[in-house]
Structure formats: C-alpha cells, structure tokens
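Engineer: Sequence below, structure please.
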Amino acid sequence: MDSILGPLLPLFDREQAAGRSMALGVLVQTVGSTYRKPGAMLLIAEGGEYAGLISGGCLEGDLAERARTVITTGRASLVTYDLRNSDDLVWGLGLGCEGAMHILLLRVGPQEQWQPLAHLAAALAAHRPTAVGVVTESREEALPVGALILPPAPEGSQTSNRCQTLDGSRAALEAAARADSVGWLEGPGRRWKLLLLPLALPPRLLLLGAGPDALPVVEFGARLHWRVTVVDHRPAYAVPSHFPGAERVLLARPDEIAQAVELGRFDAAVVMSHHLPSDLEYLRALGGSPVAYVGLLGPHARREKLLSELGSESQRLRPRLHAPVGLNLGGRTPEGIALAIVAEIHAFMHGMQLTRSGP
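Structural biologist: Coordinates of the predicted model:
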C-alpha cells in the first residue's frame, strides 16, 4: 500500500495549528512505469512547501502551482501528466519514466474540517485500520469530484465525520481497510467513481536489547516511520534519551517480557541483548506469541545452543525464526548490521521471499 501518512504529518500539524488551508494530492491512477503507484499522497502548503513525493521531485513544483488555485477556490482538480511520448520535452523534465499519472488535488482546511487527513491521522495515532473514499469521477451535480466519503467516527470519539455516504460505500471502505490495498467503487450506471484509499499502518518492531548496536536499528526504523519499542533489563541501557526515534523504551526483566509488553501488538521482534540467559527468556516468550517475524543476533552455533535449551518449545519458534538475523549484505559495522536487519524485516513485511543461508 502506498498511502503512507507519516511524512505528511509535521507539515499538516503546523498548517492546521496556524489555521491555513492546504492541498492534498492523491495519485489515483497510473499507466506504465511511474515513480509511485496509486495511493501515494503529497501535501502542499499555500506557500508552496510540500511533504511527501508522487514523482521523484520533478512534478511537485508544477503541482504546487496548481495547488494555489485549489486552496483558493476549494474546487478539486484532476491533473494528468503523460510522459510516454515526446510531449515530455514540453515539460523540460526529461523524466524518462514512460508512464502516465492522474493526480487529484483537493483542499484540506477549516472548511473541510481538515478532512480526510484529520480522520487518517487519528486512526494512525490509534494504530487502527481504516480507509477513506474520494470521488474521482461524477455525473451528479450534488456529488462533485473531490467529495469525501468517510467511515463513521469510532464509538466514543469526540469528533464526527460529517461527510456524504454512498450506496455500498461503508462496506467497501471496510473491505479496503482489511485488504490494505487501493480499490474502486462505481455507482449505478457508472454515474460516479470512488477511490478507496486505505491507511498504511506502519510496522511495529520490538527490540529486545538496548545496547549501542540497537541505536542504528531504531534510527533506520524511524526513518521508515516504523513504531519501535526498545526493552532491556539493564537500567544503564534502557534510557529513553539514548533512543530519540523510539516510540517507547522500557526497563523490564527478560522473564517478565510478556507482562511488560503486549507481544501480540508487534509485527516483528529482534533479540539482541548479547546476554545468553536473557536471550533464552526472550525466545521462550516469543515462541508462545503470534509475532510473525523473530530475529536473533549471533552466529548459527549460538542459535542452535539457545534452541536446544528451549527443548520442545523451540518447535513453535523455528518456522518464524530468522537467525542470524538480517540479509547478507556484507560489512560488520553496527550500522551495516542494522541496515541488514531492517532490510530483511522490510522485505518480509512486503511479502518478499527470503532465502536463509547456512544450516
């Protein structure tokens, strides 16, 4: 899914606090080779500053110019860039992408109650799957292009999503959120077309061990907008100021890890305490958890020693265990190892086939 919200939020928060309207660009359709795929988003401030990318930075300047009109008038605008022929020379860009992109610009401001970004940001903060709908084609006067279809506000929420509804839209939004992929809904007689845009929730990573080599793992993960929790049993290591990019830093004993954190919330965990008894307890807890990816730092012999000490409990862990953790990228620096770890988790999260080396 390409609708990653994290890079847009600092600009959104700043402009919302100042009461200034913005323009949200949504890549709704592509043909051929393009830098990004449907669902990618770009946020543009009135002064031209933008966050996010739809192209490699080549079209964003032109979109910023068009955004001024959208912000002033409130009327959405569908912009097409076709770079599949010599017309590319007219733009003077020389992109060489050989693709076409259809981008919808719509205003996000007080008049729109900051939607759809307010809804998406709240769902992201709660780590709650959701999806929003944007009308991209319409032959109905009461349903203009750019109209938003939002799911009902969660029960107990202090806000309400006062937007239009369409036949079948609620079920379609729920299905898009579950599938985590862009979809479409068409009205009777193709009188309107709705883009279903799910929120891409960032992976949650648990690092068990807060030594110095954990820092670059946190930094790489934060750069990808992952939610990283760091746990260690040593007070000198479990210091929040050592890991400014982490969501949480906790002090907890290894045999109490299942009580200290809700393991089922995490998509991946990496055991890297460099302390054999601690790693054994971490692996024991993870073996009984639903965490899909479990990484273990250290050589094959260390892995087999730990699994041997786990005995029959190891059978629940082996199919999910990646040890030695990380892709074989070469290099032995902490930063190189962190890159290998994050790259492997990233590939796993995107469904790539991982080939394990060694016995």
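Engineer: In this structure Gly48 contacts Ala64, no?
Structural biologist: Yes. Using Cβ atoms under 8 Å, Gly48 makes contact with Ala64 at a distance of 4.4 Å. For glycine as for every other residue, the C-beta is placed from the backbone atoms N, C-alpha and C.
Engineer: Of the two, which one has the most company?
Structural biologist: Ala64 (19 against 13; other Cβ atoms under 10 Å).
Engineer: Might you list the low-confidence residue ranges for the stretch 51-200 of the chain?
Structural biologist: Along the stretch 51-200 of the chain, segments meeting pLDDT under 70 span 57, 84-98, 155-164.
Engineer: run the last query once more with 50
Structural biologist: 88-94 (pLDDT under 50).
Engineer: swap in the stretch 201-350 of the chain?
Structural biologist: Residues of the stretch 201-350 of the chain that meet the cut-off, pLDDT under 50, do not exist.
Engineer: could you pull out the helices for it?
Structural biologist: 214-223, 257-260, 276-287, 300-310, 334-349 (DSSP state H, counting those that start in this stretch).
Engineer: With respect to Arg320, which of these lies nearest?
Structural biologist: helix 276-287 (8.1 Å; Cβ to Cβ).
Engineer: Which residues belonging to that closest one are considered buried?
Structural biologist: By neighbour count on 16 or more other Cβ atoms under 10 Å, the buried set for helix 276-287 is Ser278, Asp279, Leu280, Glu281, Tyr282, Leu283, Arg284, Ala285, Leu286, Gly287.
Engineer: Show me what the residue lying closest to Glu186 once chain neighbours are set aside bridges to in the sheet.
Structural biologist: Distances taken as Cβ to Cβ, 6 or more residues apart in numbering place Lys193 nearest to Glu186, at 5.4 Å, with adjacent residues excluded. On DSSP bridges, the residues paired with Lys193 through beta bridges are Glu137, Glu186.
Engineer: Over to the one 5 residues further on?
Structural biologist: Beta-bridge partners for Pro198, by DSSP bridges, are Ala131.
Engineer: same check, this time on the one 10 residues further on
Structural biologist: Beta bridges link Leu208 to Val231, Val271 when assigned by DSSP bridges.
Engineer: again with Leu321
Structural biologist: Val294.
Engineer: buried stuff in stretch 222-239?
Structural biologist: Buried, per 16+ other Cβ under 10 Å, within stretch 222-239: Ala222, Leu224, Trp226, Arg227, Val228, Thr229, Val230, Val231, Asp232, His233, Tyr237, Ala238.
Engineer: ok, of the residues you listed, which one's closest to Pro154?
Structural biologist: Once Cβ to Cβ is applied, the member of the buried residues of stretch 222-239 that ends up nearest Pro154 is Arg227, at 19.4 Å.
Engineer: For Gly99, which of the helices of the stretch 201-350 of the chain is the nearest?
Structural biologist: Short answer: helix 334-349, nearest of the helices of the stretch 201-350 of the chain by Cβ to Cβ, at 24.3 Å.
Engineer: what about the closest one, distance to the chain center?
Structural biologist: 16 Å (Cα atoms, centre = their mean, to the nearest Å).
Engineer: how much does it deviate in direction from helix 214-223?
Structural biologist: 40 degrees (axes from the mean of the first three to the mean of the last three Cα atoms, to 10 degrees).
Engineer: and helix 334-349, what does it pack onto?
Structural biologist: For helix 334-349, the packing partners by 3 or more Cβ pairs under 8 Å, 6 or more residues apart in numbering; DSSP states H and E come out as helix 214-223, strand 268-271, strand 293-296.
Engineer: buried set for the longest one?
Structural biologist: Right, the one you point to is helix 214-223. Ala214, Leu215, Pro216, Val217, Val218, Glu219, Phe220, Gly221, Ala222.
Engineer: Contacts for it, please.
Structural biologist: If you take Cβ atoms under 8 Å, 6 or more residues apart in numbering as the criterion, helix 214-223 is touched by 205, 207, 228, 230, 242-243, 245-246, 270, 272, 334-335, 337-339, 341-342.
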